[in-house]
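Q: Got a predicted structure plus its sequence, pasted below:
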Amino acid sequence: MSNAAVIIELDGTGIKEANWGMVTMARMGGTPSEGTGDSKAGLIACIMTPVDDSMRSELESYGISTIVEVVLPQGLETNPDVSARALLSAVKAHQVSSVYGLSTALGKDLLPRMAALAGSPLVMDCFEADARTGMARTSQYSGKTLASIKMTGERIFFGVKPNSREPEKKPVSAEILRFDASDTAIQGLRVLDVQTGDQGKAVSLAEAEVIIAGGRGMKNAKNFDILVQCAEKLKAAVGASRVAVDSGWVPYAMQVGQTGEKVSPKVYIACGISGSIQHFAGMKMSGMVIALNTDENAAIMANCDYYAVADALEVIPAVTRILENG
Amino acid sequence: MQIYVCVKHVPDSAANIHVIDDIRIDPNLAFLLNPYDEHAVTEAVKIKEQHPEAEVIAVCLGPEDAENTVRSALAMGADRGILVQTDSIFDSIETARILHQTITDDGVPGMIWTGKESIDAEGMQTMFRIGALLDCPVATNVVQVALGDNKAVVDSERVGGVVYTYELDLPCVLGAGRGLNTPKYPTFPDVVKSKKKPVKTVSLDAGASSPDGASMKVVKLEPLIQTRTPKAMTGDPDTIAREIVTILLQEAKVIS
Amino acid sequence: MTKKYDAIIIGAGVIGCPIAYELSKMGYKTLNVDKLPDAGEGSTAGSCAIVRAHYSTADGVAMAYEGFKYWLDWENYLDNVEDEKGLAKYMNTGSILIKSQGHDWKKVQRNYDEVGVQYEEWSVEKIIEHVPVADLHEYWPVRRPEDPKFYEEPTQMLEGAIFCPEGGYVNDPALSAHNIMRATEAKGGEFIFNAEVVDIRTQDGKTAGITLKDGTQIDAPIVVNVGGPHSYLINKMAPGVWEGCNIKTKALRHEVMYCPSPDGYDYLNDGYHMSDGDIGCYVRPEVGNTFLIGSEDPECDPQEWVDPDEFYSGKGGHGRDNVLSDEQWKAQCYRLGKRIPSLQVPNQPKGIVDLYDCSDDWIPVYDKSDLPGFYMAIGTSGNQYKNAPVVGRMMAELIDACEKGLDHDNEPFQYKFKYIDRSTDVGFFSRKREINYNSSFSVNG
């Protein structure tokens, strides 16, 4: 038993782009092989939908040699517990020892269920994953440390952070197998409803991966709409400096800083914020800081990762346009 | 009904984390109740208000100091606490075993709550493991819950505002999300009252079971030092915007 | 190339800026140097910026009351200067001093009468009318939550309060310093930031200038130490200055908490500044409908004297660095929780940790030094924010008088207040004084 499998995640139109980086990672560090580089053994893709020709050729182009169509019980496709049980049966049936899945919204509801049912180790949100050594790397303590985690067990699970690796193609030909899990039974959890309508719901500051925050340079309350529009595209939260709150442009709940929320997003985009020490106290734990300010002497310009001497009111709408139109 | 809330003693997110021996953090810093667990405690206490026969029990695995975290849960309205005392750090496989054992030794859970994740290890899986051991259904990032006849109807939120409504048989395990409620923090009279509530300390060997080889072990911990060297982005607003998008895509990897 | 000024002021906080402002107005060419990036970003920003008049001496009351006049007329004080960051606002909430065993309020009342401070006496009922969330049992003495007696039921009631309607706080203390900087610049004063002083240079036994960390030398015959928590380090750089002070300053760690107001109580808009010696706390509203809870340094609380550089870099360790401690969070919030039983106290501490520049007797040193041309306005923290504009004027006049030959050590300068009809003996703030045992030895001054 030494196969590696990836669980392919779908979106409305087909296979999500984010899968290919994960597939590449699984291939390179997938099953035991000599030295580094692509493994000799093939890679299994588990997919919970019938695979058409275009999907097949896409999967083949990234080095998938076995495609396992997991057939779910009809009407229970949205039940994460049923999916987890079905997928677990499939990987067991194919002697899979390492399982890769995306650490996405779906993955966070699926992979821990599988690992728990299997009694197997799992590292979520990993950006490095090597099945040969059982090593995964992930961040801990709100992004303040990097942890290298060694997993042991007859089967190990990686929840791979999207975009952790550049996808690389490696064309092979694949066989398609069908794994019938349509008899997987409900065990105590039923899906009553799935609501997808509320997409525009604001992301909370504490949890956001990206925060766009505005300060004095926003000039008025209305201009915060510019940040909100961009934030919707980025799935970001909108924050503010104390000035913007004191001026009554935005509510206190949006304040980042010593007297507001302390945040640790992956990216903090500071728009027209001078960067007082009190503001830094709230956002210094951010992974990356991008500063836009018309004043090149603003303190934040010397304490960020990227800066532009520019008006955020012109740059941010342009970012929104690019995100909309590509 | 007994409602168990698993609470974790975690470093304050505002504290500076120092790594020692390349493998663990310097524990000489402020610890408190995991913020997601605050939502779990608040919800359990709210359920008790509607079901007065219910009992809310806070369970914690941690060092002697973790009694403070159990006390925080009691001040927030839990009826009693259990501290499984240990100085060791366990992975979520072991943690779930110990918590499951402790809970089933203590009583008959109708519901078990956890936070949807801990802000230290960020494993996001302990609730599923407890559910698997108890052979009962699990939902995470729960933002709404209603108790029915031997059932719970919960809204579980996935990122991006997608909400799944589940019906779960009781007992069930639920991971509390931020959207569940506003934590009800204790007043001084609550603190005084909670002083009298019992906390049972259990030594670990009583609750531990032998591992079967599956494990996750942190072998190296490195501080993420943020020394920022500012790099300029120049050009007209469109050029700068394009550069920002490229950075978000390729370097920060926060969009795809 | 060395630059030359009439006076260099080390520090651009809320005391350093007004000294420069007043000297500039008197025709001095001034330069403020500060190691931080902007005015007021140091311990000024951590100040609670309370404006109150209750002090244990009549002179203390007079100076604070004089200060009110500046805050109430801020635009005029700044000579209507424009600040691109806007102006700090004086929040005139009124100030409640609880009559308790924690304050010598009878003395305060006598001082109010002597100076002519407006006040009202409030009964317990009247306090409740204005602060409906309050429970006015007496909790004295102040204790810590670690002490089992902390939780004992109170039996006595308090007797009331003294209300001073002109009191309040400044909403943004860092901004107030920034405002004064802009006003100073309008009068020709200059400022440089990110500039750390490493040496005070002398020539022929007189002050000659400063040297910055990057080697830059700046010359001036007058140097004023307004270094806040770093003041003692700066005094040590100047030959004979530290040794010549009988009163020394040190950096004291201090925590201020932010705790949300109880549901349904609009503290931000309906609340008052309140000094409550019975629980060892003072409070004022803060943005976000929050209680800002300061400590009146009760005897049971530990005092942490720290190295300011270690502290600010977070290296002092638990209770000695710039991270709030859980123990003190509980102490301050639970104390207020006795007075306001509906106050919900979050588990995660939120607030500010900063340093007081604290003198041996908690009374500041506003003085010349044993080095001609070197002056100091130090030991100000805890209770001098409100006096800053007064101190600016007083120091400028003191410096001017000394430079013109006054022997201040033997014939102390008498400062005549601008607004209230009274003078004060600046010798009271002498570095040569014996420790003043009339002081409260606390933030109360």
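A: The structure has been received and is ready for your questions.

Q: Check the gap between C:Glu75 and C:Leu87 for me.
A: For C:Glu75, the distance to C:Leu87 (CB to CB, to the nearest Å) stands at 7 Å. (Each C-beta comes from the backbone N, C-alpha and C, glycine too.)

Q: same check, this time on C:Asn225
A: Separation of C:Asn225 from C:Leu87 (CB to CB): 28 Å.

Q: One more: C:Asn410?
A: C:Asn410 is 42 Å from C:Leu87, by CB to CB.

Q: The two: who's more crowded?
A: Taking neighbours as other CB atoms under 10 Å in any protein chain shown, C:Asn410 and C:Leu87 compare with C:Leu87 leading, 18 against 7.

Q: Name all residues that make contact with the more buried one.
A: Counting by CB atoms under 8 Å, 6 or more residues apart in numbering or on different chains, C:Leu87 makes contact with C:Trp74, C:Glu75, C:Leu78, C:Leu175, C:Asn179.

Q: burial measure for the closest residue to C:Glu397 other than its chain neighbours, as a count.
A: In this structure, C:Glu397 finds its nearest non-sequential neighbour in C:Tyr415, 6.2 Å apart by CB to CB, 6 or more residues apart in numbering or on different chains. Residues lying near C:Tyr415 (other CB under 10 Å) number 23.

Q: Packing partners of the host helix or strand of C:Tyr415?
A: Using DSSP states H and E, C:Tyr415 falls within strand C:414-416. Contact partners of strand C:414-416 among helices and strands, from 3 or more CB pairs under 8 Å, 6 or more residues apart in numbering or on different chains; DSSP states H and E: helix C:388-403, strand C:423-425.

Q: who's in contact with it?
A: Applying CB under 8 Å, 6+ apart, the external contacts of strand C:414-416 come out as C:Arg393, C:Met394, C:Glu397, C:Leu398, C:Arg422, C:Ser423, C:Thr424, C:Asp425, C:Val426.

Q: Okay, now the sheet partners of that strand, with direction.
A: strand C:423-425 (antiparallel) (DSSP bridges).

Q: what's the strand it pairs with in contact with?
A: For strand C:423-425, contacts defined as CB under 8 Å, 6+ apart pick out C:Asp59, C:Ala62, C:Met63, C:Met394, C:Pro412, C:Gln414, C:Tyr415, C:Lys416, C:Phe417.

Q: what would those residues look like in a markdown table with pLDDT?
A: A markdown table is the format used below for the contacts of strand C:423-425 (pLDDT from 0 to 100):
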| residue | pLDDT |
| --- | --- |
| C:Asp59 | 89 |
| C:Ala62 | 94 |
| C:Met63 | 95 |
| C:Met394 | 98 |
| C:Pro412 | 97 |
| C:Gln414 | 97 |
| C:Tyr415 | 97 |
| C:Lys416 | 97 |
| C:Phe417 | 96 |
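
Q: following the lowest-mean-pLDDT helix or strand in chain B, which helix or strand comes up?
A: The helix or strand of chain B with the poorest confidence is helix B:204-207; it has a mean of 61 (mean pLDDT, DSSP states H and E). With elements assigned by DSSP H and E, the helix or strand that comes after helix B:204-207 is strand B:215-223.

Q: Quickly check: that following strand near chain A or not.
A: Yes: using CB under 8 Å from any CB of the partner chain, strand B:215-223 comes into contact with chain A via B:Ser215, B:Met216, B:Lys217, B:Val218, B:Val219, B:Lys220, B:Leu221, B:Glu222, B:Pro223.

Q: Could you check that strand and say which residues are buried?
A: Neighbour-count burial for strand B:215-223, counted by 16 or more other CB atoms under 10 Å in any protein chain shown, picks out B:Ser215, B:Met216, B:Val218, B:Leu221.

Q: hmm, back to that, now, which of the contacts of strand C:423-425 sits nearest chain B?
A: Within the contacts of strand C:423-425, the smallest distance to chain B is 36.2 Å, found for C:Met63 (CB to the nearest CB).

Q: Quick check: the closest one vs C:Val115, distance?
A: Distance of C:Met63 to C:Val115, computed by CB to CB: 9 Å.

Q: which SSE is C:Ile56 in?
A: One thing to correct before we go on: residue C:56 is Ser, not Ile. For C:Ser56, there is no host helix or strand (DSSP H and E).

Q: gap between it and C:Asp321?
A: For C:Ser56, the distance to C:Asp321 equals 32 Å [CB to CB].

Q: Please name the residues that touch the closest residue to C:Gly188 other than its chain neighbours.
A: Leaving aside its chain neighbours, C:Gly188 sits nearest to C:Ser24 (5.5 Å; criterion: CB to CB, 6+ apart). C:Ser24 sits next to C:Thr30, C:Thr184, C:Lys187, C:Gly188, C:Gly189 when contact means CB under 8 Å, 6+ apart.

Q: And chain A, is stretch B:115-127 touching that?
A: Yes: using CB under 8 Å from any CB, stretch B:115-127 reaches chain A at B:Ile119, B:Asp120, B:Ala121, B:Glu122, B:Gly123, B:Met124, B:Gln125, B:Met127.

Q: Run a quick neighbour tally on the residue of the stretch 101-250 of chain B found nearest chain C.
A: In the stretch 101-250 of chain B, the residue found nearest to chain C is B:Phe188; the distance is 2.9 Å by CB to the nearest CB. B:Phe188 has 25 neighbours, counted by other CB under 10 Å.

Q: Kindly report the same for B:Ser156.
A: By other CB under 10 Å, 26 other residues sit near B:Ser156.

Q: Give me the helices and strands touching the one helix or strand it maps to, please.
A: Applying DSSP H and E as the criterion places B:Ser156 in strand B:151-158. Helices and strands touching strand B:151-158, by 3+ CB pairs under 8 Å, 6+ apart, are helix A:105-118, strand B:138-147, strand B:162-169, strand B:172-176.

Q: List the buried residues for it?
A: For strand B:151-158, burial by neighbour count (16+ other CB under 10 Å) applies to B:Ala152, B:Val153, B:Val154, B:Asp155, B:Ser156, B:Glu157, B:Arg158.

Q: SS state for the residue lying closest to A:Gly107 once chain neighbours are set aside?
A: Leaving aside its sequence neighbours, A:Gly107 sits nearest to A:Gly101 (CB to CB, 6+ apart; 4.9 Å). Three-state call for A:Gly101 (DSSP: H, G, I helix; E, B strand; the rest coil): strand.

Q: who does the helix-or-strand element of chain A with minimal mean pLDDT touch, helix- and strand-wise?
A: The helix or strand of chain A with the lowest confidence, counting by mean pLDDT, DSSP H and E, is helix A:277-283 at a mean of 83. Contacts defined by 3+ CB pairs under 8 Å, 6+ apart place helix A:277-283 against no helix or strand at all.

Q: What residues of stretch C:314-322 count as buried?
A: Buried residues in stretch C:314-322, defined by neighbour count with 16+ other CB under 10 Å: C:Gly316, C:Gly319, C:Arg320, C:Asp321, C:Asn322.

Q: which residues are in contact with it?
A: B:16, B:28-30, C:253, C:302, C:304, C:306-307, C:310-312, C:323, C:325, C:327-328, C:353-354.

Q: near chain A, which residues of the stretch 251-400 of chain C?
A: So far as CB under 8 Å from any CB goes, the stretch 251-400 of chain C lies against chain A at C:Tyr258, C:Glu286, C:Val287, C:Gly288, C:Asn289, C:Thr290, C:Ile352.

Q: Compare those and tell me which is most surrounded.
A: Most neighbours among those, by other CB under 10 Å: C:Glu286, with 25 neighbours.

Q: Thought A:Ala147 was touching B:Leu221, still the case?
A: Yes: judged on CB atoms under 8 Å, B:Leu221 makes contact with A:Ala147 at a distance of 5.3 Å.

Q: which residues do those two both contact?
A: The contact sets of B:Leu221 and A:Ala147 overlap at A:Gln140 (CB under 8 Å, 6+ apart).

Q: Can you give me the domain assignment for the chain?
A: Just so you know, I chose chain A. Following automatic domain parsing, chain A resolves into domains at A:3-180, A:210-325.

Q: try chain C instead
A: Domain assignment for chain C by automatic domain parsing gives C:3-84+C:172-248+C:361-429, C:95-165+C:253-354.
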